[in-house]
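Q: pasting the structure only:
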């Protein structure tokens, strides 16, 4: 029984130790899976973000290329307009010189031509102002897109720099989770075996306890029977003693019969007479 109690204590201690390790392993596995999931989610998020930024960069690059082409076109149109403006100014100066030396009818024609040239000069100037305004807007757009492009490029660079660390962390978490997943079933099996042995020993203890109770009950019944038998014998002895005592009392209460002594004649014995010896004669003889 002492061996069984010692074994039960050892199993309890072992079960507590294995349960602690199993719970700790389960928590570690849960943490590793959570970290792996988070790191995987972070890596996927980075990849999606990088793809999104690259898509934005592609659109931005196309827009920027269009803006640059537009800027070049505006500059070309502006240069052409400035050349035409120069030509119209020279033509105006020529007409003004011709007007000073022209006659009335020719002068009127030259004045009309001068007005037309002046109108064209104004139109060219308005066109140049419009080109300048459009060029400023395009320059502003180009500057904004270049700033955004630089910022997005920086985001991609930072994301790609953090990605290897996250990938490494994800791989480590994955390895730890795999190790813990392999270890956990063994711990669960060990815990079940301990519980099984513990239950078996408990069954043995219960059976022994049951047998002990049965033996004690039998012993109590035997003692009870012996006590009852002894009590019965004692009661019988008491009854017998009481009966004997009652008989003695009854017998002591009866009148005593006096027996008459048989009177026999007394025989008188005659004393044997011996001759008296005189003491004096005996003295003389001596």
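A: Now that the structure is in, tell me what you want to look at. Computed from a predicted structure; not experimentally measured.
Q: so where's the chain uncertain?
A: 1-8, 11, 163, 166, 169, 253-286 (pLDDT under 70).
Q: the strands in this structure, which residues?
A: Counting by DSSP state E, no segments of the chain form strands.
Q: Longest helix in it, please.
A: helix 104-252 (DSSP state H).
Q: Could you give the number of residues near residue 131?
A: 20 (other C-beta atoms under 10 Å). The way it works is simple: take the backbone N, C-alpha and C, and place the C-beta from them, glycine included.
Q: Am I right that it is in contact with residue 78?
A: Yes: the pair residue 131 and residue 78 passes the contact test of C-beta atoms under 8 Å, sitting 4.3 Å apart.
Q: hmm, back to that, now for the longest helix of the chain, which elements pack on it?
A: Using 3 or more C-beta pairs under 8 Å, 6 or more residues apart in numbering; DSSP states H and E, the elements in contact with helix 104-252 are helix 2-101.
Q: between the helix it packs on and helix 104-252, how big is the angle?
A: Using axes from the mean of the first three to the mean of the last three C-alpha atoms, to 10 degrees, the direction of helix 2-101 lies 170 degrees away from that of helix 104-252.
Q: Run the chain-centre distance for helix 2-101.
A: 36 Å (C-alpha atoms, centre = their mean, to the nearest Å).
Q: and if you look at stretch 189-199?
A: The answer for stretch 189-199 is 23 Å, by C-alpha atoms, centre = their mean.
Q: And for stretch 230-248?
A: Worked out by C-alpha atoms, centre = their mean, stretch 230-248 lies 81 Å from the chain centre.
Q: Likewise for stretch 147-165?
A: Worked out by C-alpha atoms, centre = their mean, stretch 147-165 lies 36 Å from the chain centre.
Q: With residue 35 as the reference, measure out to residue 72.
A: Separation of residue 72 from residue 35 (C-beta to C-beta, to the nearest Å): 53 Å.
Q: more neighbours, the two?
A: Taking other C-beta under 10 Å, residue 72 and residue 35 do not tie; residue 35 has more neighbours (17 against 11).
Q: surely that one meets residue 175?
A: No: using C-beta under 8 Å as the test, residue 35 is too far from residue 175 to be in contact (11.4 Å).
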